[in-house]
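A.B. asks: how would this look folded up:
(chains A and B)
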2 protein chains.
Amino acid sequence: MANTTEFSDVPGVAATRDAETHGFVFNHTMLRIKDPKASLDFYTRVLGFTLVRKNDFADAKFSLYFLAMVDDAGAIPSEPRARKAWIASQPGVLELTHNHGTEAEEGAVYHDGNSDPRGFGHICITVPDVVAACARFEALGVPFQKRLSDGRMREIAFIKDPDGYWVEIIQPTPLD
Amino acid sequence: MANTTEFSDVPGVAATRDAETHGFVFNHTMLRIKDPKASLDFYTRVLGFTLVRKNDFADAKFSLYFLAMVDDAGAIPSEPRARKAWIASQPGVLELTHNHGTEAEEGAVYHDGNSDPRGFGHICITVPDVVAACARFEALGVPFQKRLSDGRMREIAFIKDPDGYWVEIIQPTPLD
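C.D. replies: Numbering: from 1, shown residues only, chains lettered A, B, ... in the order given. All right, here's what the predicted structure looks like:
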């Protein structure tokens, strides 16, 4: 049976989970974006995210967009405080930060992390059928960093979001 | 009632979710790390993640570590193929990439994304009690980017992981 100490021989891994961490949730990942119109189109139309929260900070000149994969929109509370709590309790939320005015700049504004200086690598979307998903991305004109047919890893693709951030596409099961 | 078209007036937002995206899951975020021993200690002991998968690529000289917040370790299949499918189907997984040898380099190896060139900003962990969580982080000697008492946003803290990546800490409900 799988258990939390399966990898306890790996240096650094805690043998047991501290009870003080119970209830912790990996809620979101934040990426800065140049143009919310382009990014919201990509994340909602192409990838199926739902925009669940938007905060505008006019004085500080930035806006935050929170997106989640929502299978049942009726599950999201409408009352603002309950809604905020619901969003904060979900794993797998994507936060996009827009500093006002960047959309008017020429060329790329942000760094994807995959050339020097490196750091962040990618986000990953799991899809039921990676071949069908990639065919759809091609049909939609989405740019690829790596097609399924590129390189040795035939089960993995990488597409690029409007800022050039890499989005890995996988399916849970092996390709036939 | 909340619905998927609530923000349909925001430029770029798709009015409806394409049926072709059903079943898509925001599975993981990948960060490169200098030293797996330090990062695994931080993510398992300090934050409560469980190491659920480890892949070593000896020829290419890198290793991948997949971490998840696992409340019920018995829910993870032990059979390798089923286990891989289970991990790929979860939202909120963290993938850490270790390029062998970086742990022996002097100083920081990776870029946190929050100084030029900017891009990736942070990951965020939601905790039941942000005050208690921050007191524990202090007691554990975790470095802070922003304490609850710093600045105007008293409900949000940022700690730093061993590579300097920012980890936001929030709770779902307002502070009393």
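
A.B. asks: Helix or strand: which one has residue A:11?
C.D. replies: If you go by DSSP states H and E, residue A:11 is not part of any helix or strand.

A.B. asks: Need the nearest residue in space to it, chain neighbours excluded.
C.D. replies: residue B:37 (4.3 Å; C-beta to C-beta, 6 or more residues apart in numbering or on different chains). Heads up, the C-betas are built off the backbone N, CA and C, glycines and all.

A.B. asks: Now do that neighbour against residue A:96, distance only.
C.D. replies: 33 Å (C-beta to C-beta, to the nearest Å).

A.B. asks: just residue A:59 next, same as before
C.D. replies: Taking C-beta to C-beta, one finds residue A:59 at 20 Å from residue A:96.

A.B. asks: domains of chain A?
C.D. replies: Annotated domains of chain A cover A:26-110, A:115-176 [automatic domain parsing].

A.B. asks: how about those domains in TSV, adding mean pLDDT and mean neighbour count?
C.D. replies: Output for the domains of chain A, formatted as TSV (pLDDT from 0 to 100; neighbours: other C-beta atoms under 10 Å in any protein chain shown):
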stretch	mean pLDDT	mean neighbour count
domain A:26-110	96	18
domain A:115-176	97	17
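
A.B. asks: Which of the ones you listed sits closest to residue B:133?
C.D. replies: domain A:26-110 (13.0 Å; C-beta to C-beta).

A.B. asks: Off-centre distance for the closest one?
C.D. replies: 10 Å (C-alpha atoms, centre = their mean, to the nearest Å).

A.B. asks: about what we covered before: you'd agree the residue nearest to residue A:11 is up against residue B:98?
C.D. replies: No - taking contacts as C-beta atoms under 8 Å, residue B:37 lies outside contact range of residue B:98: 9.7 Å.

A.B. asks: quick revisit: could you dump the domains of chain A to TSV with distance to residue B:8?
C.D. replies: What follows is the domains of chain A, written out as TSV (distance: least, C-beta to C-beta, whole Å):
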stretch	distance to residue B:8
domain A:26-110	9
domain A:115-176	19
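
A.B. asks: doesn't residue A:98 make contact with residue A:37?
C.D. replies: No - look at residue A:37 against residue A:98 with C-beta under 8 Å: they stay out of range, at 9.7 Å.

A.B. asks: Relative to residue B:82, which of the domains of chain A is closest?
C.D. replies: Across the domains of chain A, closest to residue B:82 is domain A:115-176 (C-beta to C-beta), at 9.5 Å.
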